[in-house]
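Student: Build me a model from this:
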Amino acid sequence: MNRIFEKSLAILVLLVAVAFVFVGFNYLKAFQKAKYYRVIAEFEDSTQLQNGADIKIAGINVGRVVKKNLNYDKFTSVVEMDIEQNIKIPVDSLVSINSSSLLAASHLRILPGKAGEYMHNGAVFASAKSSASLEELIGRAIFTLSDAAK
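Tutor: I've put the predicted structure just below:
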């Protein structure tokens, strides 16, 4: 009786392992099917932004941050991102660094423009806006409150 239970348990564990491999393989296969094109944005500061961060339009994820580099001539942060191939971004769009809450990771938000021409692989955003850090916001609030008290 004990031996039958052990064999049944071994078969069950094996079936679960095969199911995990199957699901994992299909997930990777679906991820590889998505085609991307790379675009670039320059920010004054991208401290809060991490590699792999989401890129959103109207709250929907349309890509991810691939890497960040320093532009040694302008001393700006150059952010490279992959956008899903089927997403057409007008060339006059604005990209900004945003955070959903104090504890949430930062993401890039694209506000689409109205131009009839669209970004392509290697295109650079004409408008990029860095977010204010928490320290800056607190400093501004204290400065504003102290001015109002005078």
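Student: Show me what the strand or helix carrying A41 packs onto, helices and strands only.
Tutor: Here A41, judged by DSSP states H and E, is contained in strand 36-43. The contact analysis (3 or more C-beta pairs under 8 Å, 6 or more residues apart in numbering; DSSP states H and E) places strand 36-43 against strand 60-71, strand 76-84, strand 127-129. (C-beta placed from N, C-alpha, C; glycine too.)
Student: Just the residues contacting the helix or strand following that strand, thanks.
Tutor: With elements assigned by DSSP H and E, the helix or strand that comes after strand 36-43 is strand 54-57. By C-beta atoms under 8 Å, 6 or more residues apart in numbering, the residues outside strand 54-57 that reach it are 61-65, 81, 83, 87, 89, 107-110, 112.
Student: The residue lying closest to N71 once chain neighbours are set aside and A41: what is the separation?
Tutor: In space, not counting the residues next to it along the chain, N71 is nearest to V78; the distance is 5.1 Å by C-beta to C-beta, 6 or more residues apart in numbering. Here V78 is placed at a distance of 8 Å from A41 (C-beta to C-beta, to the nearest Å).
Student: okay, and for the chain, where does confidence drop off?
Tutor: For the chain, residues meeting the criterion pLDDT under 70 lie at 1, 24-34, 101-103, 132-137, 140-141, 143, 146-150.
Student: ok, now how distant is the residue nearest the centre of it from F43?
Tutor: Centroid-nearest residue in the chain, with C-alpha atoms, centre = their mean: D54, separated by 1.7 Å. Plainly put, D54 is 16 Å away from F43 if you go by C-beta to C-beta.
Student: The helices and strands packed on strand 36-43 into CSV, with extra columns for mean neighbour count and distance to Y36?
Tutor: As requested, those are exported to CSV (neighbours: other C-beta atoms under 10 Å; distance: least, C-beta to C-beta, whole Å):
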stretch, mean neighbour count, distance to Y36
strand 60-71, 15, 7
strand 76-84, 19, 4
strand 127-129, 17, 19
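Student: Pipe the ones you listed into JSON lines and attach distance to L9 per row.
Tutor: Formatted as JSON lines, those follow (distance: least, C-beta to C-beta, whole Å):
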{"stretch": "strand 60-71", "distance to L9": "40"}
{"stretch": "strand 76-84", "distance to L9": "44"}
{"stretch": "strand 127-129", "distance to L9": "57"}
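Student: closest one to L145 among the ones you listed?
Tutor: Shortest distance between L145 and those, using C-beta to C-beta, is found for strand 127-129: 25.3 Å.
Student: I'm done for today, thanks for sticking with me.
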